[in-house]
Structure formats: structure tokens, C-alpha cells
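Build me a model:
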Amino acid sequence: MAIEPVLEERAGCGRGARLAARLMRWFMRPLVAHLPWNPFTLRFAPLLDLAAGLMVPPRGTKVTKVKGLGCAAEWVRGRGVPAGSRQAILYFHGGGFVACGLRTHRRMIARISQAAGMPVLSVAYRMQPRVPIQTSIDDCVDAYRWLLRTHEPDDIVIAGDSAGGYLAFMAPLHALRDGLPRPAGIAALSPFTDLDIDVKIAHANAALDPFIPAPRMRDMVRTCFPDAEPTDPWLSPVHADLAGLPPTLIHAGSVEVLLADAELMAERLGAAGVPCTLQIWEGQAHVFQVFADLSREGLLAIAEIGAFARRATTAGARAA
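Numbering: from 1, shown residues only. Coordinates of the predicted model:
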């Protein structure tokens, strides 16, 4: 039975968030718009994660490398989060399917862990163009299968941002097809969910987004989804059968172009009878939670993600 998604508009855009958006518009958007998107250039994309090694996680963070997966992964525990928790978050980083990794997202993930009071398994799935997109999805499904060895599905929330938000939907969909149980919840931050770039170019935010030039996303789709049909249900979340998915929280900034994807995904989840809350944060850019050091709204959003994870898991259900 179809249900209406819950829309929450979060007002307020502080000086730090405005500064971050201004810096992105001055420096990042021109770089993204003009940097050549070809196999030679993309060879250097992984260097971004190496450079992010300079980003120190918050004091008290514990990081433990994970072995036994086909890709790199690590446990991240925020300050005060005990080891051996029954609940866990499985997190997939963003980066346009070609960049970022464990280091770029470790600081934000540590904050999410602390807010939720549970450890986070951060997964560095293999990326394009070195492997096909199906390999990335398989890495994420395998990480979920691995986590199920030690955790009940009702104790697991799957989360991700941008390209990782795409995988936060695709991994459960493919896991369900493989006969695995559904997780307790999904938290998607500025998720990419629709392979149709024309919809994003036509959106009002195409002119407002301080980071992502919408036409550039055509190059991403051509590289990462070659020959794919935009309506393929096993590659496009908005066209999948979503009825088996768990309660979902979606975050999006009010000026980012991927608000189009967030709105459509929330609509499709509601049509499939999946409880979904879409929070639209005033004036915020793409994955603004990464800029929590500058933006108090980033910290508030991370607190919302933590609260959702607690509610979704069995511990949260018992405490309610």
C-alpha cells in the first residue's frame, strides 16, 4: 500500500555553511566542470584519498582494519562507542564512483558513529573505471553478508553519501534478490539515484548548486554505466522494485542538484509502501555533513542520522 513520504524542511543556514558553499563555487565547481574526464585523468583520482590522510579524525576515535573482504574496509568507533556492540552501521563513501575512500570520510563517519552510539563498518568498494559498476555493488553486498555473520539484520543500518548513497540502496536490493534478510534501515546523504541526467539538468538547482555542474554528470554515467539503460531496475534505484526495503532517511541540501534524485527516490519509496523521511536542509550543498567543522547544520544533520540509526535498530525499538 502506498504511503506519503514525510517531508521535513530544516530551516537555517549559518555563516560557516555559506562560507563553505562560496568556496566550493569559487574553486571546486570550476575544477569539476573543466577537469578532463578520461581514463588518464581518472588514474589519479585515488590520490585524493591518500591526500586525505592529513585529515585527523576526532579525538577518541578508534580505527581497526578489516580483513577477509575483497576490498579495503575498517571499523570506525567514535569517542565513547564500545567495541563489540550488537548494533552497527554499514557505510559506503561517495566520490562519483571514481574517487575518495576510507580516509576522506573517516572524520565524518567517526562523528556518525558517536552520534549513533554504535561502530561503523566503512567499506572502500572497488571503483570505476578499473572495475564495472556491478563489482562495486557486489563488494557492498559482500560486506553486508560478512557483517551478517556477527550481527542480526535488525541491528544493521546501511548508509552512504552521493555515489555511496546509490550503493546504500542498490546493495540491499541485490542482497534481497540473493536471499539475504533486509537491514533495519537505510540512511542516504545526497544520494545519486537516477541515471537520467536530463532530469537534473532541468531542475531549478542546476543553476544554484555550488559544487556539481549537472551536465558533467553525463561523463560520470558514460564512464561508470557504459551502455546501461537508464531505467534498468538493477542499476537505477528509482526504477527498482523497492517494496522490500526498510524504513529510510534521506538528507539533501536545498540548493544541490541531487535534490532532484532525493525527491524522486522519496516519492518512489512511498509509492512502494516504504516509510521514508526526506529532510531538506536550507541553503546546504552536496553532502554538507562533511563540512561539519565549518557548519553547525552539518553537526545537527549527523545527530539526526545517529538518532535514526538508534530508532531503526532493535536497541532503539526496545528503548522507544
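
All the helices of this protein, in order from the start?
Taking DSSP state H as the criterion, the chain contains helices spanning 15-23, 29-34, 39-42, 47-51, 102-116, 133-147, 163-177, 197-202, 217-224, 259-271, 296-312, 314-319.

tally of neighbours for residue 82?
10 (other C-beta atoms under 10 Å). Quick note: C-beta positions are derived from backbone N, CA and C, even for glycine.

An error on my part: the question was meant for residue 174.
19.

which residues does the residue lying closest to residue 159 once chain neighbours are set aside contact?
Counting by C-beta to C-beta, 6 or more residues apart in numbering, residue 159 lies nearest to residue 187, which is 4.0 Å off, once chain neighbours are set aside. The contact partners of residue 187, taken as C-beta atoms under 8 Å, 6 or more residues apart in numbering, are 89, 157-160, 168, 248-251, 305, 308-309.

Bridged to residue 187, which residues?
Residue 187 has these beta-bridge partners by DSSP bridges: residue 159, residue 249.

And it, how close does it get to residue 128?
Using C-beta to C-beta, to the nearest Å, residue 187 is found at 24 Å from residue 128.

what do you get for residue 112?
25 Å.

out of the two, which sits in the busier spot?
residue 112 (28 against 20).

separation between that one and residue 57?
For residue 112 relative to residue 57 (C-beta to C-beta), the value is 12 Å.

And stretch 166-186, end to end?
11 Å (C-alpha to C-alpha, to the nearest Å).

which parts of that stretch are buried?
166-176, 180-186 (16 or more other C-beta atoms under 10 Å).

same question, stretch 226-237
230, 235-237.

now this structure, which segments are flagged as low pLDDT?
Within the chain, the segments meeting pLDDT under 70 span 315-320.

got the CA positions of stretch 20-40 in PDB?
Taking Å, rounded to 0.1, in the frame of the first residue of the first chain, the C-alpha atoms of stretch 20-40 are listed here in PDB:
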ATOM      1  CA  ALA A  20      31.800  26.500   2.500                       C
ATOM      2  CA  ALA A  21      29.300  27.000  -0.300                       C
ATOM      3  CA  ARG A  22      31.100  30.100  -1.500                       C
ATOM      4  CA  LEU A  23      34.500  28.400  -1.500                       C
ATOM      5  CA  MET A  24      33.100  25.500  -3.500                       C
ATOM      6  CA  ARG A  25      31.500  27.800  -6.100                       C
ATOM      7  CA  TRP A  26      34.800  29.600  -6.500                       C
ATOM      8  CA  PHE A  27      37.200  26.700  -6.600                       C
ATOM      9  CA  MET A  28      35.500  23.200  -6.700                       C
ATOM     10  CA  ARG A  29      32.800  23.800  -9.300                       C
ATOM     11  CA  PRO A  30      35.200  25.200 -11.900                       C
ATOM     12  CA  LEU A  31      37.600  22.400 -11.300                       C
ATOM     13  CA  VAL A  32      34.800  19.700 -11.600                       C
ATOM     14  CA  ALA A  33      33.500  21.500 -14.700                       C
ATOM     15  CA  HIS A  34      36.700  21.700 -16.600                       C
ATOM     16  CA  LEU A  35      38.900  18.800 -15.400                       C
ATOM     17  CA  PRO A  36      39.200  16.300 -18.300                       C
ATOM     18  CA  TRP A  37      37.200  13.100 -17.600                       C
ATOM     19  CA  ASN A  38      39.200  10.400 -19.300                       C
ATOM     20  CA  PRO A  39      41.000   7.200 -18.400                       C
ATOM     21  CA  PHE A  40      44.300   9.000 -18.000                       C
END
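
just how off-centre is it within its chain?
Distance of stretch 20-40 from its chain centroid, counting by C-alpha atoms, centre = their mean, to the nearest Å, is 20 Å.

Give the buried residues for that stretch.
20-21, 24, 28-29, 32.

what does it rub up against?
41, 129, 209-213, 216, 219-220, 223, 255, 283-285, 288, 291, 294-295.

Number of residues surrounding residue 224?
22.

how far away is it from residue 43?
15 Å.

Likewise for residue 101?
15 Å.

For residue 50, which non-adjacent residue is spatially closest?
Residue 50's closest residue in space is residue 103 (C-beta to C-beta, 6+ apart), at 7.2 Å.

what sits against that neighbour?
49-50, 52-53, 55.

Just the buried ones from those, in PyMOL syntax?
Burial among these is assessed by 16+ other C-beta under 10 Å; the matching PyMOL selection reads:
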select buried, resi 49+52
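
returning to that earlier point: are any of the contacts of stretch 20-40 buried, and if so which?
129, 209-212, 216, 219-220, 223, 255, 283-285, 288, 291, 294-295.
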